[in-house]
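Asker: Quick one, what's the 3D model for this:
(4 chains)
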There are 2 protein chains.
Amino acid sequence: METTQQAGEPGTAERRRRELLEAADRVVLRDGPKASMNAIAAEAGITKPILYRHFGDKAGLYQALAVRHTDALLDSLRAALDAPAERRSRVESTLDTYLAAIEARPQVYRFLMHPAEDSQAAEKGFDVGVHSAPLLRRLGEELADVIGERVDLGPGGERLARVWGHGIVGMMHAAGDWWLGERPCERAELVSGLTDLLWGRLATAGNRADGPGF
Amino acid sequence: METTQQAGEPGTAERRRRELLEAADRVVLRDGPKASMNAIAAEAGITKPILYRHFGDKAGLYQALAVRHTDALLDSLRAALDAPAERRSRVESTLDTYLAAIEARPQVYRFLMHPAEDSQAAEKGFDVGVHSAPLLRRLGEELADVIGERVDLGPGGERLARVWGHGIVGMMHAAGDWWLGERPCERAELVSGLTDLLWGRLATAGNRADGPGF
DNA sequence: ACCAGCGTGTTACTAGCGGTAACCCATACG
DNA sequence: CGTATGGGTTACCGCTAGTAACACGCTGGT
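Answerer: Residues are numbered from 1 along each chain as shown, chains lettered A, B, ... in the order given. Alright, predicted model coming up:
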């Protein structure tokens, strides 16, 4: 219980918000992506309308939660990306950091990857896609920034960096998702395999003698 | 119509099934991934329980629909992958085929990418991840097969091929998703950018003179 | 002292979803 | 005839996200 204080205090609303987010975190960790607003409210010891006052709708709460986790994950990834080592080592340790994170908390990861994706905006008429997990988008943009500001890609390099950012993040995500589900190998093997791919081994590998060629 | 009783007559049930799937297709094309069972039943001119008799539950109908579209898409992709050309051209035309497909029917694409993902099995206790769109998994496995049977990857090549299959498909998917939402460039530019990435240009590109290096 | 107002919380509800039980009716078969 | 069986419906359940509308306690102005 919290000693009720005066109203003007700027911290109170934000503190409540944090408490609610932590409760939501606990529920998501326990129930996975099917966590309901009711369950979260109950875990927080309050009722639904309060949640809605704080976060608007389920997507809002999702977003707030996603920002938290994405921030944390991004910090780890940035640390790996900034470590003093040669480029390949950086990429490998970044991949490994990501995979370790999703391995450690698959429930949270699942929740982040599959947002509510309802929202309106779908009935606006000319909506097109615009979905996918915000987490992925953000990771892609971040990586694009890093690549764009550090690697010399010549003219049009900014656009190319963004393409690569989203492409690499997608590769990491899909491979990690598959790996988490089937566990076909050790984490290190996955990391080195993906890095080999990024290092162009597909281009240099020879055709199999017994195959139709590629 | 002959209405032969006894089992065997394969026409009637399967025909109904196809009609229902086509109706579902129409609704999904119109309403996107938020198409409801009610709406699909209405479009088909019947009521919900019939749908459930045919497909079990929503996931079943989703699966049937996904198989249809995935089959079609896979045929296109295989054609591109099998075309007589050098490896890089094949990869480019495969990417382009995929992107053209999602560009042509974004609604269907969205539906396929975000399955129901409910199911029980989440309350079994030790479930772990196991989700993601079946479409992506299937594409990944297919590509893994192609790579594994055509490219010589040395010892452990089968596992590496699977890693690459899922990784490349994920790259294609995420980049396509982002591109479809923001339309930052022409399709051809995206294709060549991704192919450059797969061809190891990240490894060979130099650092920017004005950056911290990578 | 009193009443306005605001923040914080509640109960009780709506609308719509996935899914199902129970009933309905025609047809083909003994 | 009777009856079983397949295609179909109505009417419901339990759940979800989301929303009034009302109730308490605290602050401050007059």
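
Asker: Which of the helices and strands in chain A ranks last by mean pLDDT?
Answerer: helix A:106-113 (a mean of 81; mean pLDDT, DSSP states H and E).

Asker: which residues sit in contact with the residue nearest in space to the middle of chain A?
Answerer: Of all residues in chain A, the one closest to the mean position by CA atoms, centre = their mean is A:L135, 3.6 Å from it. For A:L135, the contacting residues are A:66, A:69-70, A:73, A:112-113, by CB atoms under 8 Å, 6 or more residues apart in numbering or on different chains. Yep, even glycine has a C-beta here, placed from its N, CA and C like the rest.

Asker: The residue nearest to it when sequence neighbours are not counted: what's it in contact with?
Answerer: Among residues not flanking A:L135 along the chain, A:L112 sits closest, at 4.7 Å (CB to CB, 6 or more residues apart in numbering or on different chains). A:L112 is in contact with A:65-66, A:69-70, A:133, A:135, counting by CB under 8 Å, 6+ apart.

Asker: if you set the cut-off to 6 Å instead, what comes out?
Answerer: Residues in contact with A:L112 (CB atoms under 6 Å, 6 or more residues apart in numbering or on different chains) are A:66, A:69, A:135.

Asker: Which of the residues you listed fall in helices?
Answerer: Within those, residues falling in helices by DSSP state H are A:66, A:69, A:135.

Asker: still on that earlier bit, looking at the contacts of A:L135, which is nearest A:R150?
Answerer: A:L73 (20.1 Å; CB to CB).

Asker: That closest one: how many residues sit nearby?
Answerer: Under the neighbour criterion other CB atoms under 10 Å in any protein chain shown, A:L73 is assigned a count of 20.

Asker: same question, A:T47
Answerer: 12.

Asker: Next: A:V191.
Answerer: Residues lying near A:V191 (other CB under 10 Å) number 23.

Asker: following the helix or strand where it lies, which helix or strand shows up next?
Answerer: For A:V191, the enclosing helix or strand under DSSP states H and E is helix A:187-198. Later in the chain than helix A:187-198, the nearest helix or strand by DSSP H and E is helix A:201-204.

Asker: Are that next one and chain B in contact anywhere?
Answerer: Yes: residues of helix A:201-204 contacting chain B under CB under 6 Å from any CB of the partner chain: A:202-203.

Asker: That helix packs against which elements?
Answerer: Judged by 3 or more CB pairs under 6 Å, 6 or more residues apart in numbering or on different chains; DSSP states H and E, helix A:201-204 has no packing partners among the helices and strands.

Asker: buried residues in it?
Answerer: Neighbour-count burial for helix A:201-204, counted by 16 or more other CB atoms under 10 Å in any protein chain shown, picks out A:201-202.

Asker: circling back: looking at the ones in helices among the contacts of A:L112, which one is closest to A:E92?
Answerer: A:L135 (21.6 Å).

Asker: in chain A, what spans have low per-residue confidence?
Answerer: A:1-11, A:114-133 (pLDDT under 70).

Asker: Would you map out the domains in it?
Answerer: A:13-56, A:66-118+A:130-199 (automatic domain parsing).

Asker: Dump those domains to CSV, plus distance to DNA strand D.
Answerer: Formatted as CSV, the domains of chain A follow (distance: least, CB to the nearest atom of the strand, whole Å):
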stretch, distance to DNA strand D
domain A:13-56, 3
domain A:66-118+A:130-199, 6
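
Asker: could those domains go into TSV alongside distance to B:R78?
Answerer: Below are the domains of chain A laid out as TSV (distance: least, CB to CB, whole Å):
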stretch	distance to B:R78
domain A:13-56	33
domain A:66-118+A:130-199	20
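
Asker: picking that back up, put together CSV for the ones in helices among the contacts of A:L112, with distance to A:P84 on each row.
Answerer: Formatted as CSV, these follow (distance: CB to CB, whole Å):
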residue, distance to A:P84
A:A66, 31
A:H69, 27
A:L135, 28
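
Asker: Export those as TSV, with columns for distance to DNA strand C.
Answerer: Listed next are the ones in helices among the contacts of A:L112 as TSV, based on distance: CB to the nearest atom of the strand, whole Å:
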residue	distance to DNA strand C
A:A66	23
A:H69	24
A:L135	25
